[in-house]
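> next input, structure requested:
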Amino acid sequence: MRLYLTALKPTDSVAHGFLPAARALGFDVTILTDRPDGYRDGGAEVLACDVRDPRAVIDVIAHHHRPYAIFSNSDHVQAETALAADYFGLPGKDWRACAAAKNKALTRRRLAEAGVERVWSARLAPGDPVPDEAPLPAVVKPREGVASEDVILVRDTAELVTAVRDIRARRPGEALVVEEYLRGPLRTLETLGDSRTTRVLGGFATTLGPPPRFVEERLDWAPPDAAEQQHVLHALAALGVGFGACHTEYVLTGGGPRIVEVNYRAIGDHCDFLLADLLGVPLFEWILRVHAGEPVPVPPVSGTFGAAVSLTAGRSGTITAAPPELTPADGEKVRLWHRPLRTVGEHVEHSGTNRDYLGIIRAIGPDRDDVNATLESFRARHPWVVA
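Predicted coordinates for the structure are as follows:
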C-alpha cells in the first residue's frame, strides 16, 4: 500500500506524527517535496518534485508505484494534492474547497453568498488603491498568508495606508485582504471528515499576544457549545470543506461566531499532538485512514484539561539559555512536554509573528489549576534567555 505524502519544509507533524502513523498502518511511504534534503533521514522514500504544480505531482506518481492514498498536511499544497488524488480516483478533498479555504478573500465571498455570515472585506490586488470605505479598526493580511505573518491591526486611515505599503514592499506581487476587526474571544474548531460525515473532535480557546500583531501565545482546551459548532459546520459546508482534517478559527463576537480563517489541514504548533493525547486516540492514523477510504470513528469525550504554550522571543538577540527537551515520566499527575524550536547560540530576529517561537510546552492534567501550576513551575525553573 503506497502512500504519497506531498510536503514543503519539514515539520514535526510529519516527522513525529504522520510518518510513524503511516508505518503503524503498514504503508510504504513516498514523500514528494521540493526540499528533499530535509527528509533524507526520515526513513521514507523521498522524490524531488515541484509539489506546487499538480501536473508535476501527477506525472511523478504515474511513473512510480501505483498510489493507494495521496495526502498532504501542508497549508500550501492542499488543492494540488486534492487534484492529484482525484486524477487517480482516490479519496481526497475537493480542490475547490481547498482553494476557497486557502484564499481568504474567496472564503469571505463564499460565506456571504451562502448567507452564512457577512464580514466586511476587500481584496487588494497589486496596485489597487486602499479602500476609502474600510471600517476602522481593520485588519490587513496577505490573501494566502500563514503563521500570522504580516497580519496587522490598523486603527485609522494613516495606519491602513502604511500597513498596505509596508506589506507590499515585503511581498511584491501578492494580493492582500482588508477586513473589519472582529472583537471577541478567539476560538478553534477541530474536525475530521470522511466522504459522508464530518466529526467534531473538539476545540481550543486562543490567547493572543499584544496588538497590533496576532501572535498565538497559548491554546487551552475548550470544546465549543452547540451553537458555535453549528455555525462553524454550516460555514465549512458552504465552502465544501468536510473530508479530511480541518482547523477553523473563529471569533465569538457580540453578534455570534464569525469565521477568521479556515486551515484545511490538522491544527499545528504541536496542538495536533495535544489533541491526540486529550482524546486518547491515534489521531494521525485516523487522518491517514480517511485518505485511504475508511470512515471516521466517533471521537470520545475528553475527561482531562490540556494547554499548549508557545514561548516567544520578545526581542532580537542571541539565545544564551534554553530549557531542555522534556517528555513526561510515567505516573505524573500532569504530563508535560517541552519541544525546543531553537538552540543556544542561535540568533533570533524578532518579527512579531509565530516565527518568534523559541519552544512549545504542552501539558495535560485533571483540571486547569493543576496544568497551570505545572506550566508556571517549569517556566520559572527553565527560562529561555535572549540577550
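
> use CA for all of it now, contacts and neighbours both
OK.

> would you map the helices across this protein?
Ranges of helices in the chain, per DSSP state H, are 12, 19-24, 54-62, 78-87, 95-102, 104-113, 157-170, 226-239, 271-279, 283-291, 368-381.

> reformat those helices as CSV; add mean neighbour count and mean pLDDT.
Shown next, in CSV, are the helices of the chain (neighbours: other C-alpha atoms under 10 Å; pLDDT from 0 to 100):
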stretch, mean neighbour count, mean pLDDT
helix 12, 14, 96
helix 19-24, 17, 98
helix 54-62, 17, 98
helix 78-87, 23, 98
helix 95-102, 22, 98
helix 104-113, 20, 98
helix 157-170, 15, 97
helix 226-239, 18, 98
helix 271-279, 20, 98
helix 283-291, 22, 98
helix 368-381, 14, 97
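
> so which of these gets nearest residue 129?
helix 157-170 (9.1 Å; C-alpha to C-alpha).

> quick one: list the elements packing against the closest one.
Under the contact definition 3 or more C-alpha pairs under 8 Å, 6 or more residues apart in numbering; DSSP states H and E, helix 157-170 sits against strand 138-142, strand 152-154.

> what's the closest of the helices of the chain to residue 259?
Across these, closest to residue 259 is helix 226-239 (C-alpha to C-alpha), at 7.4 Å.

> which other residues reach the closest one?
Applying C-alpha atoms under 8 Å, 6 or more residues apart in numbering, the contact partners of helix 226-239 are 97, 100-101, 107, 110-111, 114, 116, 189, 200, 242, 248, 250, 257, 259.

> would TSV of the helices and strands packed on helix 157-170 with distance to residue 48 be doable?
Shown next, in TSV, are the helices and strands packed on helix 157-170 (distance: least, C-alpha to C-alpha, whole Å):
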stretch	distance to residue 48
strand 138-142	28
strand 152-154	36
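
> nearest to residue 9, of the ones you listed?
strand 138-142 (20.0 Å).

> for the closest one, name the packing helices and strands.
Using 3+ C-alpha pairs under 8 Å, 6+ apart: strand 138-142 touches strand 152-154, helix 157-170, strand 176-180.

> just the residues contacting the longest one, thanks.
Put plainly, it is helix 157-170. For helix 157-170, the external contacting residues (C-alpha under 8 Å, 6+ apart) are 126, 130, 136, 138, 140, 150, 152, 154, 174, 176.

> the third one and residue 360, how far apart?
Going back to what we said before, that points to residue 136. 34 Å (C-alpha to C-alpha, to the nearest Å).

> could you do the first one as well?
Using C-alpha to C-alpha, one obtains 36 Å as the distance from residue 126 to residue 360.

> and those two? which has more neighbours close in?
Legend: neighbour count by other C-alpha atoms under 10 Å for residue 126 and residue 360, higher for residue 360 (21 against 13).

> for the nearest residue to that one once chain neighbours are set aside, give me its contacts.
In this structure, residue 360 finds its nearest non-sequential neighbour in residue 310, 4.6 Å apart by C-alpha to C-alpha, 6 or more residues apart in numbering. Residue 310 is in contact with 216-218, 357-361, counting by C-alpha under 8 Å, 6+ apart.
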